[in-house]
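Visitor: fold the following for me, if possible:
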Amino acid sequence: MQKIKRRKLYIAGHVIAWVLISMLPFYFNAKTLLSQPNFVIDWYKGVALNVALFYIFYGFINPRFLNQKKLVQFLGISVFVVLLYGVFKYGLFKLNILDNGSKAPVTYVRIFTESIVNTIFAGFAVFLSLAESWFFAQQYQQQLEREKLESELKMLRFQVNPHFLFNTLNNIHTLVYKKSDDAPSAVMKLSGLMRYMLYESDSDFVPLSKELDYIGNFVELQKLRLANSENVNFVVDGDPENKSIAPLLLVPFIENAFKHGVVSSKETFIDIKIFIYNNSLNFICRNIYKDAESSVHSGIGLENVKKRLLLQYPNKHSLEIDKSGDFFNVKLQLSI
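Guide: Sure thing, here's the model as predicted:
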């Protein structure tokens with residue numbers, strides 16, 4: 001269906017372009033030209049011949065030779081067709097078919113001029129073919145990138161961190177064993193987290209409020225495994241209603257914070273803040289960074305986020321990642 005619609009648009013575009021070209025003389029001196037019917041007839045005969053030459057290149061020569069990168073054959077056939085077309089036009093001139101009622105002699109200058117016109121139309125067909133090939137190649141590449149990203153996103157939804165899941169279940173088991181009042185809440189949080197990942201994030205954008213609920217549950221479940229969670233902060237400021245965001249976009253940053261921010265030899269520190277103002281979201285994540293030798297820009301999760309931002313928020317985001325001292329800092333601004 002999409003191909004049929006695109007084909008119709010191409011045909012409509014070509015028809016409109018040729019109509020505009022055929023009307024060129026009338027833009028400058030319509031009254032004089034309309035009083036010379038022979039000139040008008042000759043003009044449209046010439047346009048018809050040039051259109052035919054254009055589509056000989058556009059529909060036959062270019063796809064079989066130029067697009068297949070058979071450049072030597074393409075150049076040879078192009079020169080031959082342009083010269084042959086010039087001879088054909090010369091015959092039409094001599095027979096007074098192309099110059100209806102004109103007494104002008106068929107000079108070499110005129111033949112040369114017609115050859116230049118032939119070359120221009122052939123060149124235009126070549127240029128349009130090259131431009132379309134480049135455009136479709138770009139579209140195809142973007143489609144591949146988008147499909148790859150969608151596949152990676154689907155993998156992320158089903159790729160639950162086994163350590164996180166094991167630790168969470170173990171912590172819930174401990175809460176149940178101690179008959180803690182927090183056990184039912186922890187089970188519901190884990191259930192909500194899994195439901196969101198598997199069923200509710202299967203789209204390009206999701207309600208921001210649901211994404212924030214997911215992040216809140218994720219942070220609370222992560223805190224269950226910490227002996228001291230007082231220095232784990234998660235703050236949301238602003239109204240998320242009627243706003244949307246790409247699903248699981250911020251999660252890799254938060255996973256990274258809990259991966260590196262929980263240090264046995266140092267005091268745990270993770271600070272996550274999300275500010276929502278008008279149509280802007282500011283995400284700030286700061287945590288202790290224990291692995292001094294790792295690059296702050298490395299990691300499959302972070303690279304995935306960068307790709308998603310380029311595709312889903314082109315010219316609508318600002319991302320800063322740096323390490324200052326013992327702290328890892330992420331600042332992300334989105335237009336939502």
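Visitor: give the buried residues for stretch 58-72.
Guide: Going by neighbour count (16 or more other Cβ atoms under 10 Å), the buried part of stretch 58-72 is 58, 61-62, 65-66. For the C-beta atoms, the positions are set from N, CA and C on the backbone; glycine is no exception.
Visitor: and for stretch 116-136?
Guide: 117-119, 121-122, 125-126, 128-129.
Visitor: in a markdown table, list those residues along with secondary structure.
Guide: A markdown table is the format used below for the buried residues of stretch 116-136 (DSSP: H, G, I helix; E, B strand; the rest coil):
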| residue | secondary structure |
| --- | --- |
| V117 | helix |
| N118 | helix |
| T119 | helix |
| F121 | helix |
| A122 | helix |
| A125 | helix |
| V126 | helix |
| L128 | helix |
| S129 | helix |
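Visitor: tell me the confidence at K316?
Guide: K316 carries a pLDDT value of 94.
Visitor: what's the nearest residue to it if we skip its chain neighbours?
Guide: The shortest distance from K316 to any non-neighbouring residue, by Cβ to Cβ, 6 or more residues apart in numbering, is to S335 (4.0 Å).
Visitor: can I assume that neighbour is in contact with Y313?
Guide: Yes: between S335 and Y313 there is a contact at 7.1 Å, judged by Cβ atoms under 8 Å.
Visitor: the more surrounded of the two?
Guide: Y313 (19 against 12; other Cβ atoms under 10 Å).
Visitor: residue contacts, the closest residue to the more buried one other than its chain neighbours?
Guide: Here the nearest residue to Y313 in space, its sequence neighbours aside, is L334; by Cβ to Cβ, 6+ apart that works out to 6.0 Å. Each residue near L334 by Cβ atoms under 8 Å, 6 or more residues apart in numbering is listed here: 245, 280-283, 313, 316-317.
Visitor: so where does L334 fall, helix or strand?
Guide: strand 327-335 (DSSP states H and E).
Visitor: avg pLDDT for that strand?
Guide: The average pLDDT within strand 327-335 is 93.
Visitor: let's see that strand as CSV, backbone CA atoms only.
Guide: C-alpha atoms of strand 327-335 as CSV (Å, rounded to 0.1, in the frame of the first residue of the first chain):
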residue,chain,number,x,y,z
PHE,A,327,31.4,10.8,40.6
PHE,A,328,29.8,9.9,37.4
ASN,A,329,27.4,12.5,36.0
VAL,A,330,24.7,12.3,33.4
LYS,A,331,22.6,15.3,32.2
LEU,A,332,19.9,14.8,29.6
GLN,A,333,17.5,17.4,28.3
LEU,A,334,14.6,16.4,26.1
SER,A,335,11.9,18.2,24.3
